[in-house]
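>>> just a sequence and a predicted model for now, questions to come.
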Amino acid sequence: MAQTTDMNTRTAIRLREITAEVEWLPELAARWEEMPDLERDTWYLEWHELMARLEGLDQVYRAGTMTAEQGAQYRALLGKLKETLPILCRLRLTLPRVVLDVWRSLPRDVAPE
Amino acid sequence: MLEAATGARTLTPDELRQALDQVARAGFSPRPVLVGGRVEGKVWQGRVRGRTDYLLPAEVHYLRHVVDGQEWPPRMSLDEYLQSLREVILDPLSGVATSRWSRHSWHLTVMRRSGRLRGPGGHEWVMVEYGIEGVGAGYWITAFQPQNGINYLTADSRREQVRWLRRPT
């Protein structure tokens, strides 16, 4: 029980932090060229770590251990990430290493009609 | 440190200790930076912060990784967070690695098991990255608890020539 609570807490934190930075990406891109090199390098390292954490989230999702609400948040996050791919390519930030079109990678009986 | 990073020479244990003393004293850059998404809505120094606010890098890292990410234990202060990073840098059990980063800089990375520093959103290792040469030289560049532990050092195509000056115990 305690382990499940810990997992839910960690999942909620990871979902929130990655979503917050994905939603910030368009503004970051608009300011990228005027940023000092150190600030850009720090963003790169932080973003790279967030993409590692996304892989952790993906494992939790595929193991079926997210709550229904978290699962919906995760799918929404993947949709947002897909929309921001051109920005990630332009800024040369690490691309997500998970399948963004999540329904395509799930068994037919799990995918929605 | 640069000579050690390039492999030109090996530091003695005493030289490594002196180098780490210097790294521990360095801290983050004093130049304010954009806070970004994770800090939005956080109350800091009496103000609710927006994404486009500027704060010191130490404050931004604290708000991202301690307050938002809960990688460190709850209610830890900014000073306690910074002290915990110094403690990791100076701990003889910590691993110390150098690497060439993005072809323009040399970094020194200190990694230790998080232990009592691990919060509810934390991971098994704590990492502090310091600039030896190039961009960010003389400062801590970032510090957090990486999802993939010591594989953090090898999982980035921008990082080359990783060299352990001391492996973690």
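Everything's here; your move. Numbering: from 1, shown residues only, chains lettered A, B, ... in the order given.

>>> residues of chain B that sit close to chain A?
Contacts of chain B with chain A, taken as C-beta under 8 Å from any C-beta of the partner chain, map to B:29, B:31, B:33-34, B:36-38, B:40, B:51-52, B:57, B:64, B:68-70, B:101-102, B:104-105, B:120-121, B:129, B:131, B:135-136, B:139, B:141-142, B:144, B:146-148, B:152, B:155-156, B:158. For the C-beta atoms, the positions are set from N, CA and C on the backbone; glycine is no exception.

>>> restricted to buried residues, select these in PyMOL.
To isolate the buried ones among those in PyMOL, judged by 16 or more other C-beta atoms under 10 Å in any protein chain shown, type:
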select buried, chain B and resi 29+33+34+36+37+38+40+51+57+64+68+69+70+101+102+105+120+121+129+131+135+136+139+141+142+144+146+147+148+152+155+156+158
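
>>> return the subset of the residues of chain B next to chain A lying in strands.
Members of the residues of chain B next to chain A lying in strands (criterion: DSSP state E): B:33-34, B:101, B:105, B:129, B:131, B:141-142, B:144.

>>> would you map the helices across the chain?
Chain wasn't specified; assuming chain A. A:2-31, A:37-62, A:68-83, A:85-91 (DSSP state H).

>>> oops, I was thinking of chain B
Using DSSP H, the helices of chain B run over residues B:2-6, B:13-26, B:57-62, B:78-90.

>>> now those as TSV including distance to residue A:95?
Converted to TSV, the helices of chain B look like this (distance: least, C-beta to C-beta, whole Å):
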stretch	distance to residue A:95
helix B:2-6	28
helix B:13-26	32
helix B:57-62	24
helix B:78-90	29
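
>>> winner for burial among these?
helix B:57-62 (a mean of 23; mean count of other C-beta atoms under 10 Å in any protein chain shown).

>>> quick one: distance of it to the chain centre.
Offset of helix B:57-62 from its chain centre (C-alpha atoms, centre = their mean, to the nearest Å): 11 Å.

>>> how about stretch B:143-150?
Relative to its chain's centre, stretch B:143-150 lies at 10 Å (C-alpha atoms, centre = their mean).

>>> find the closest residue to chain A in chain B.
residue B:37 (3.3 Å; C-beta to the nearest C-beta).

>>> that residue touches residue B:51, doesn't it?
Yes - in terms of C-beta atoms under 8 Å, residue B:37 counts as a neighbour of residue B:51; the distance is 5.9 Å.

>>> now check stretch A:26-38, is it near chain B?
Yes - against chain B, stretch A:26-38 shows contacts by C-beta under 8 Å from any C-beta at A:27-28, A:31, A:35-38.

>>> what does that stretch rub up against?
Residues outside stretch A:26-38 that contact it (C-beta atoms under 8 Å, 6 or more residues apart in numbering or on different chains) are A:40, A:43, A:84, A:87, A:90-91, B:29, B:31, B:34, B:36, B:51-52, B:104, B:131, B:135-136, B:139, B:141.

>>> next, name the residue at the spatial heart of chain B.
The centre of chain B sits closest to residue B:128, judged by C-alpha atoms, centre = their mean, with a distance of 2.1 Å.

>>> does it touch residue B:85 like I think?
Yes - when contacts are counted by C-beta under 8 Å, residue B:128 is listed as touching residue B:85 (5.2 Å).

>>> could you list the low-confidence segments of the chain?
In the absence of a named chain, chain A is used. Judged by pLDDT under 70, chain A has its weakly predicted residues at A:1-2, A:102-113.

>>> show me which residues of it sit near chain B.
So chain A meets chain B at A:6, A:9-10, A:13-14, A:16-17, A:20-24, A:27-28, A:31, A:35-39, A:41-46, A:48-49, A:52-53, A:55-56, A:94 (C-beta under 8 Å from any C-beta).

>>> buried ones among those residues?
The neighbour-count test (16+ other C-beta under 10 Å) marks A:10, A:13-14, A:16-17, A:20-22, A:24, A:28, A:38-39, A:41-46, A:48-49, A:52-53, A:56, A:94 as buried among the residues of chain A next to chain B.

>>> for the worst-scoring helix or strand of chain B on mean pLDDT, packing partners?
Ranking every helix and strand in chain B by mean pLDDT, DSSP states H and E puts helix B:2-6 at the bottom, with a mean of 85. For helix B:2-6, the packing partners by 3 or more C-beta pairs under 8 Å, 6 or more residues apart in numbering or on different chains; DSSP states H and E come out as strand B:95-101, strand B:105-113, strand B:125-133, strand B:159-166.

>>> pull the residues that contact it.
Outside helix B:2-6, the residues that touch it by C-beta under 8 Å, 6+ apart are B:9-11, B:16, B:19, B:98-100, B:106, B:108, B:132-133, B:161, B:163, B:165.
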